[in-house]
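Trainee: After the sequence you'll find the predicted model.
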Amino acid sequence: MKPPGSTLALEAVLGIERPILGAPMARVAGARLAAAVSGCGALGFIGGGYGDLDWIDAELSALDPSSIGVGLITWRLDEEPAVLDHVVAAGPRAVWLSYGDPTPHLETIHAAGLVAVCQVLDLDSAVAARHAGADVIVVQGSEAGGHGRPGRGLLTLLPAVVDQISDIPVVAAGGIATGRQLAACWQLGAAGIALGTRLYATHEAADSTAAKRRLVELRGDDTMHSTVFDRVRGPRWPEGYTGRAATNSFVREWHGAVDDLEADLARQRDRYAAGVAADDLDVRVLWAGEAVDLIDDVQPAAAVIREIHGEAADL
Ligand SMILES: Cc1cc2nc3c(=O)[nH]c(=O)nc-3n(C[C@H](O)[C@H](O)[C@H](O)COP(=O)(O)O)c2cc1C
């Protein structure tokens with residue numbers, strides 16, 4: 001069912017058996033989740049996020065780095081390029097760069113013989129990343145959990161990117177949690193998919209049982225894009241980025257009133273920190289995408305991957 005010319009094997013480029021990537025969810029995708037995803041023939045990424053090297057080293061020491069990839073936030077690497085040198089020296093199979101222009105960092109990744117996966121949020125960035133030398137493009141629609149931009153749905157963005165890029169694998173991300181969606185992405189020309197929110201609701205994801213249970217209960221309509229959590233948590237993101245998370249009392253209170261939040265920042269930071277310490281989901285962030293509509297239970301990650309791949313192959 002894969003359309004011709006569009007699906008240069010992701011499996012061959014990354015040395016995997018299933019065309020599924022476990023997204024690099026900061027702090028949530030640690031060694032346990034990444035190892036479980038890679039262990040069943042897909043490729044798990046640990047979420048290196050802003051580049052906390054103590055955390056990254058601890059996770060990498062718990063597994064064979066060549067069996068997984070590491071995700072890093074590109075605009076943070078612009079500020080601290082040494083983080084990328086450190087990660088590359090550890091020898092992961094691939095580095096996934098998100099949120100920013102990957103161009104200045106690709107040489108470091110390629111010089112070490114690693115695969116460069118570049119996540120993009122729009123068509124121009126996809127074409128630019130391809131020209132800069134990306135090995136794999138991940139197209140993320142605004143349905144996705146975590147950071148991104150509101151506005152571009154995957155159903156239009158994915159085929160538009162595939163029409164422009166036919167010589168490297170294009171991977172679909174955002175709102176995907178089922179095999180029938182993988183089959184649909186194949187039809188639209190994707191070589192595979194990346195899963196974030198669906199893998200958050202697994203035994204191996206690093207968060208509380210209550211947080212994972214909430215993911216099962218939530219509907220896509222109960223998630224929203226906002227900058228509120230970035231303002232209260234820091235660091236400050238570049239203009240234009242927002243993050244999709246569960247709509248709770250904290251974000252409802254401050255969304256549309258971020259200037260008031262800034263004016264009361266010290267107090268709200270204390271309140272937020274107390275919410276984190278208490279695992280209070282009405283205060284703390286729960287990054288989640290529209291795929292929560294399609295998540296019915298918390299499962300082992302390998303079961304999720306096998307079910308999605310099996311259903312898509314049957315279709
Ligand atoms: C909890 C969470 C944390 C995330 N953290 C990161 C991150 O640190 N870096 C990154 O590139 N993407 C991050 N993302 C986005 C994922 O890489 C991925 O593109 C997205 O989750 C795909 O959409 P989905 O959640 O609908 O599957 C995160 C997503 C979630 C749900």
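Mentor: On my side now, so go ahead. Remember, it's a predicted structure, so these values are computed and weren't measured experimentally.

Trainee: quick one, phi psi at the residue of the chain found nearest the ligand?
Mentor: The nearest approach of the chain to the ligand comes at residue 196, 1.8 Å away (Cβ to the nearest ligand atom). (Glycine included, C-beta is placed from N, CA and C.) Backbone torsions for residue 196, taken as degrees, to the nearest 10, come to phi -110, psi -80.

Trainee: how close does it get to residue 66?
Mentor: Here residue 196 is placed at a distance of 23 Å from residue 66 (Cβ to Cβ, to the nearest Å).

Trainee: More neighbours: these two, which one.
Mentor: Each of residue 196 and residue 66 has its neighbours counted (other Cβ atoms under 10 Å); residue 196 has more, 28 against 14.

Trainee: Surely the more buried one touches residue 144?
Mentor: Yes. Applying Cβ atoms under 8 Å, one finds residue 196 in contact with residue 144, separated by 6.3 Å.

Trainee: helix/strand/coil for residue 44?
Mentor: strand (DSSP: H, G, I helix; E, B strand; the rest coil).

Trainee: Quick check: it vs residue 30, distance?
Mentor: Using Cβ to Cβ, we find residue 44 at a distance of 10 Å from residue 30.

Trainee: between these two, who's got more neighbours?
Mentor: Neighbour count, other Cβ under 10 Å: between residue 44 and residue 30, residue 44 has more, with 31 against 23.

Trainee: In contact with the residue nearest to the residue of the chain closest to the ligand when sequence neighbours are not counted, which residues?
Mentor: Spatial nearest neighbour of residue 196, excluding adjacent residues (Cβ to Cβ, 6 or more residues apart in numbering): residue 23 at 3.9 Å. Residues counted as contacts of residue 23 (Cβ atoms under 8 Å, 6 or more residues apart in numbering) are 29, 45, 47, 71, 146, 173, 194-196, 199.

Trainee: Over to residue 129?
Mentor: So residue 129 contacts 102-103, 118, 120, 137 (Cβ under 8 Å, 6+ apart).

Trainee: Helices of the stretch 1-150 of the chain, start to end?
Mentor: 10-14, 31-39, 53-60, 74-79, 82-90, 103-111, 123-132 (DSSP state H, counting those that start in this stretch).

Trainee: would you list those helices in TSV and tack on mean pLDDT?
Mentor: Output for these, formatted as TSV (pLDDT from 0 to 100):
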stretch	mean pLDDT
helix 10-14	97
helix 31-39	98
helix 53-60	98
helix 74-79	96
helix 82-90	98
helix 103-111	98
helix 123-132	98
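
Trainee: Same list (those) but as CSV, adding distance to the ligand.
Mentor: As requested, the helices of the stretch 1-150 of the chain are exported to CSV (distance: least, Cβ to the nearest ligand atom, whole Å):
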stretch, distance to the ligand
helix 10-14, 15
helix 31-39, 11
helix 53-60, 12
helix 74-79, 9
helix 82-90, 13
helix 103-111, 14
helix 123-132, 13
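
Trainee: What residues does the stretch 151-300 of the chain have near the ligand?
Mentor: Within reach of the ligand by Cβ under 6 Å from any ligand atom, the stretch 151-300 of the chain has these residues: 173-176, 194-198, 200, 287, 289, 291.

Trainee: Single out the most deeply packed of the helices of the stretch 1-150 of the chain.
Mentor: Ranked by mean neighbour count, these are led by helix 31-39 with a mean of 23 (mean count of other Cβ atoms under 10 Å).

Trainee: Taking helix 53-60 as reference, get the angle to that helix.
Mentor: 40 degrees (axes from the mean of the first three to the mean of the last three Cα atoms, to 10 degrees).

Trainee: which other helices and strands contact helix 31-39?
Mentor: Counting contacts by 3 or more Cβ pairs under 8 Å, 6 or more residues apart in numbering; DSSP states H and E, helix 31-39 is packed against strand 20-22, strand 43-47, helix 53-60, helix 301-314.

Trainee: the strands in the stretch 151-300 of the chain, which residues?
Mentor: Taking DSSP state E, counting those that start in this stretch as the criterion, the stretch 151-300 of the chain carries its strands at 170-173, 192-195, 223-226, 242-246.

Trainee: Switch those over to CSV, and while doing so, append mean pLDDT, mean neighbour count and distance to residue 57 to every line.
Mentor: Shown next, in CSV, are the strands of the stretch 151-300 of the chain (pLDDT from 0 to 100; neighbours: other Cβ atoms under 10 Å; distance: least, Cβ to Cβ, whole Å):
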stretch, mean pLDDT, mean neighbour count, distance to residue 57
strand 170-173, 98, 28, 27
strand 192-195, 98, 28, 24
strand 223-226, 98, 20, 32
strand 242-246, 98, 23, 26
